[in-house]
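Colleague: model the structure of this input:
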Amino acid sequence: MNMSRISWFRMILEMVMGTSAVWAAKAKPKAVVLEPLTGAAAALEAGYAGQLKDLQAQLKAVLPSVHTQKLEALAKAREAEQAAEAELEAAQQQFGKIGHAQGLVGHAKNKWIGSADKGIAKAQAQLKAAKTDAERAAAQADLEKWQKNREEGLQALNERQALLDAALSEEPALRKRQEAAQAALAKAQADTLKATEALGLANLLASSKLDGQLARLVVLTEATPRGLAVFAAQGQAQEALVAKLLADETLMLQMLVADGANGGNYGQAMTIYTDIQQASAKAGEGVLQRLALAVALEHAVPVRQTNPSAVKDTAPATVDPVQRYLHFEKAFLAGELDPAFKTLSVWDYRFVVDGDEPDAILAWGREMLRSYRPDHVTTDDYKWRYVAAVRTDVQYGSQYNKYDKPELQDYQNMLMNGGVCGRRAFFGRFILRAFGIPTTARPQPGHAALVHWTPDGWVANLGAGWGAGTTKTRYTKDLDFLATTQARTLGDKFMQVKRAQWIGNVMGETPVYGFEGKVTPGLWYGVSLYRQRAMIAESKAVTLAAVGEELGEANESSVEYAFVSPSVSEADRKISVDAKGVITIPASATSNPTKSTGKILFMPSNLGGMQLHYNRTGAAQDFEYTVDVPKAGAYTLTARVACPTWGQLLVVTPKGGAPVEIALPLTVGLWGQTEPVTIKLAAGKTVLTFSRTGDNIRGLSIKDFTLTPVK
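Modeller: Next comes the predicted model:
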């Protein structure tokens, strides 16, 4: 953490003595001068400002004073901790030079010299095959260029190897320094925690006695008297909503534990919350009340809606918050969301309802995945549940993005045409939200990734592990975001963290929500962070390792992911013929292969029975059906398929016959029917062989085939 030029102790003393405005002026950006309000709005502003001033006086009068010696001990402990952090950072940088030197040696061997060797071999082959003087001259020049390049690489390798050898000779000392710095930091952190506990604030933070007053003060502070006055001056209904909010301590506390209204727009949040209550009789309690409040808080600043470009001028520009709530209420009551959805907090729900997608696209996402890749919906692995669709079906690369269809929404185009890290992370977050799983962006230098909720904690996905990135929340550094997710699982104990923050607001401190930022916390915000750190340590919270990091810039994973291959029953293998001679072939009734292979996967279908999935990745593979044809002749063949991508083909070859192409419809991953093609079949047992062809073969799910006799 970066230290302020003013020592932490001096800053704390200024706050305690009422002179922290000097420090705050240096830490905060220059205030914007606003035109004074007039008329009714001015009177309202004065009234709210008076309430805020009275609350500050009342709370300051009952808050305990802290002995100067204890503050000094805490300040010294904190400064020692910062010095230990700086020493560990320096030690890690020194130790990191070994890895850097190893990387340079590897580059010289593999990239530099390796590329030169390939160039030499190619030039020698061209020289040998040359038929004209010009071709021989060009090949000879190319050969000499690569030979020179190789000599330079060898020289660089010798120099780099010498630097690496020197670095490796220091490795024991550097490792010892790093281990000592880690131990010193652990001791310093423990000393700071002891100094924090010695302040004697534990009973105050564990008590709910001041919660109502604190909540009202924080709402007035975050909304600002001016902001509330501007809202309330719109009419009697708006003024009544503000009065209702400030009188409802339970609601204010619920809002603030969930980090308050976006933009401090508490008036707008109350409007949305009230509108939701009027729109649904179910939004007053339990999971749906928490959901309603999350929508109100998150959409207090309108959320831009991303519409298909073909309708962007006629579709709503922002998400309708009431309809967003009703969408999730309907999906929840219909059992369409993840089973864990009902257990989430208001804060968690905010990371579900904040998406830019239209509600209809959320519904599409759920239906698509249940149709196309139901195994991603039912997997027990919460780290990959739903979001595995990025791994299996959103191909890496931007070469097909130019084929995005204007009538489709962005997430449909991402599934169809893939993308680099940004589009893949966007789709991953979308599909998680669609099923009610909290998620947020977690970019890191040069790469877009995401983090999402699991029952065992939040996990980083499609990028490096915790500590490598940032979030767009108030917890800017991802480690600070992780810390609040871990502390929030502790229930009522987490209120101690919030109370310390709220008391910091009483004392006029700048809000600081983590140790990793650039702003040094004041006394109370510092206490909140140390109390949070202690609570996390006491709970022995486990930090989940990242998953999917290998997919950052790769089209196929280098990690082998298990697929639980269910057995296909005899009923699912039964090929039937009706009275009219129509043959129905379940896609799972293959005679080759008879089990999942990695390319061909059998899985339970949302339509009942089983379905066959042809994987996007891996080497091409044919699949066959042995059919007992009751009558020779021409048959029209159709297939029920879920195909998320354009331009796909399936080829059927009857035994002894010619191959016939079946154009696969773009169904955006939903179930659809192929156009009929005609094939000729001999009576008796025959084999139908299906294969895939095309320049960019993508994933495909098949439910069944139908052969209808041509009359």
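
Colleague: ok, now which ones touch residue 184?
Modeller: 84, 87-88 (CB atoms under 8 Å, 6 or more residues apart in numbering). In this view, the C-beta of every residue, glycine as well, is placed from N, C-alpha and C.

Colleague: from residue 88, how far off is it?
Modeller: 8 Å (CB to CB, to the nearest Å).

Colleague: next one: residue 488
Modeller: 28 Å.

Colleague: for residue 468, same thing?
Modeller: Counting by CB to CB, the gap from residue 468 to residue 88 is 17 Å.

Colleague: try residue 642
Modeller: 52 Å.

Colleague: these two: which has the busier surroundings?
Modeller: residue 642 (30 against 20; other CB atoms under 10 Å).

Colleague: ok, that one - contacts?
Modeller: So residue 642 contacts 368, 371-372, 667, 669-672, 700-701, 703 (CB under 8 Å, 6+ apart).

Colleague: could you tell me which of the residues you listed count as buried?
Modeller: 368, 371-372, 667, 669, 671-672, 700-701, 703 (16 or more other CB atoms under 10 Å).

Colleague: farthest pair in those?
Modeller: Pairwise distances across the buried ones among the contacts of residue 642 peak at 14.4 Å for 368 and 703 (criterion: CB to CB).

Colleague: want to throw the contacts of residue 642 into a markdown table with secondary structure?
Modeller: Converted to a markdown table, the contacts of residue 642 look like this (DSSP: H, G, I helix; E, B strand; the rest coil):
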| residue | secondary structure |
| --- | --- |
| 368 | helix |
| 371 | helix |
| 372 | helix |
| 667 | coil |
| 669 | coil |
| 670 | coil |
| 671 | strand |
| 672 | strand |
| 700 | strand |
| 701 | strand |
| 703 | strand |
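
Colleague: which one of the residues you listed is nearest residue 120?
Modeller: Out of those, the member with the shortest distance to residue 120 (by CB to CB) is residue 700, at 44.0 Å.

Colleague: how deep is the closest residue to that closest one other than its chain neighbours tucked in, by neighbour count?
Modeller: Of all residues not flanking residue 700 in the chain, residue 614 sits nearest, at 4.4 Å (CB to CB, 6 or more residues apart in numbering). Residue 614 has 24 neighbours, counted by other CB under 10 Å.

Colleague: does residue 227 really touch residue 264, like I thought?
Modeller: Yes: with contact defined as CB atoms under 8 Å, residue 227 counts as touching residue 264 (6.0 Å).

Colleague: doesn't residue 707 lie inside a strand?
Modeller: Yes: the assignment for residue 707 by three-state DSSP puts it in a strand.

Colleague: domains for this structure, by residue range?
Modeller: 1-33+490-542, 68-197, 571-709 (automatic domain parsing).

Colleague: okay, which residue is most central for the protein?
Modeller: Residue closest to the mean C-alpha point of the chain, counted by CA atoms, centre = their mean, is residue 450 at 2.8 Å.

Colleague: please verify my assumption that residue 650 contacts residue 700.
Modeller: Yes: when contacts are counted by CB under 8 Å, residue 650 is listed as touching residue 700 (7.2 Å).

Colleague: what touches both of the two?
Modeller: With CB under 8 Å, 6+ apart as the test, residue 650 and residue 700 both reach 664, 692.

Colleague: about what we covered before: which among the domains of the chain is found nearest to residue 298?
Modeller: Nearest to residue 298, of the domains of the chain and by CB to CB, is domain 1-33+490-542 at 17.5 Å.

Colleague: now do the closest one, average pLDDT.
Modeller: Averaging pLDDT along domain 1-33+490-542 yields 76.
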